[in-house]
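Visitor: no letters, just coordinates:
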């Protein structure tokens with residue numbers, strides 16, 4: 001089973017180089033950490049957002065461009081322990097990056113699409 005939700009907010013912290021994606025209507029219950037990616041889950045194990053640390057390095061996008069984001073879209077999917085995040089950022093240059101992480105954690109099936 002796959003569920004769909006909408007990411008409500010994207011924040012980039014250039015001092016510590018991390019991105020935060022948040023789903024406002026999901027209450028926080030726990031997090032699962034996978035390398036530089038922390039996935040937040042709600043009381044019913046629903047997707048509540050994620051934090052990507054070392055974002056400029058992981059996405060291969062300079063900090064300056066991440067600071068100047070004008071618009072963004074994000075697709076997140078989990079299938080059998082693999083989470084795929086496809087992030088498109090529009091700043092002065094339109095860029096798309098995909099992150100895949102495999103985990104032995106019990107990740108909820110999710111398909112997320114969001115944009116600014």
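Guide: Sure, I can see it. Just so we're clear, the structure is a prediction, and the values are computed from it rather than from any experiment.
Visitor: what is the neighbour count of residue 42?
Guide: Using other CB atoms under 10 Å, residue 42 has 18 neighbouring residues. Every C-beta, even on glycine, is put in place using the N, C-alpha and C of the backbone.
Visitor: which ones are touching it?
Guide: Counting by CB atoms under 8 Å, 6 or more residues apart in numbering, residue 42 touches 26, 27, 28, 29, 48.
Visitor: worst-scoring helix or strand of the protein, pLDDT-wise?
Guide: Every helix and strand of the chain was ranked by mean pLDDT, DSSP states H and E. The lowest is strand 110-115, at a mean of 43.
Visitor: quick one on the thing from earlier: the contacts of residue 42: which two are farthest apart?
Guide: Using CB to CB, the contacts of residue 42 span at most 8.8 Å, a distance reached by 26 and 29.
Visitor: find residues that contact each of these two.
Guide: Residues touching both residue 26 and residue 29 (CB under 8 Å, 6+ apart): 42, 48.
Visitor: and those two? Which one has more around it.
Guide: Using other CB under 10 Å as the criterion, residue 26 and residue 29 rank with residue 26 on top: 18 against 13.
Visitor: hmm, back to that, between the contacts of residue 42, which is nearest residue 19?
Guide: Of all those, residue 19 sits closest to residue 48, with 14.9 Å by CB to CB.
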